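Trainee: Let's see this in three dimensions:
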Amino acid sequence: MTDAHDPAPDHAHHGYITDKEKYLARLKRIEGQARGVHRMVDEEKYCIDILTQISALTSALEAVAVGLLEDHLRHCVVDAARLGGPEADEKITEATQAIARLVR
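Mentor: Numbering: from 1, shown residues only. Predicted structure coming up:
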């Protein structure tokens, strides 16, 4: 698979692909949590209980994001750094921007 954002066209896959099933399972649980929050609002549950579930949902999403970021750094960024040049600079900038979005 090639990707317009991948500096190495021969790069077979993205770093997270080895943990794809783990990520999909986590995301499926997150979907269930989101549906649960929806149901709680629909059933007019206590506000603090809903906020507690939203906090858990946010933490679960952040855990997935941090895992994907780590995989990106370990694979995509390291691969680009080995190649050097503008591709390496682009991947470092891309990772830095992703981190900035996560910490906002």
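
Trainee: Tell me the secondary structure at the residue most central in space within the chain.
Mentor: Nearest to the geometric centre of the chain sits residue 65, at 2.9 Å (C-alpha atoms, centre = their mean). The three-state label given to residue 65 by DSSP: H, G, I helix; E, B strand; the rest coil is helix.

Trainee: What of residue 44?
Mentor: coil.

Trainee: quick one: contacts for it?
Mentor: By C-beta atoms under 8 Å, 6 or more residues apart in numbering, residue 44 lies in contact with nothing. Every C-beta, even on glycine, is put in place using the N, C-alpha and C of the backbone.

Trainee: Just the strands from this protein, written as ranges.
Mentor: Read by DSSP state E, the chain holds no strands at all.

Trainee: Please determine how far the nearest residue to residue 62 once chain neighbours are set aside is located from residue 48.
Mentor: Spatial nearest neighbour of residue 62, excluding adjacent residues (C-beta to C-beta, 6 or more residues apart in numbering): residue 102 at 7.4 Å. In this view, residue 102 and residue 48 are 26 Å apart by C-beta to C-beta, to the nearest Å.

Trainee: The two: which has the busier surroundings?
Mentor: In this view residue 102 and residue 48 are compared by other C-beta atoms under 10 Å, and residue 102 has more residues nearby, 11 against 8.

Trainee: I'm done for today, thanks for sticking with me.
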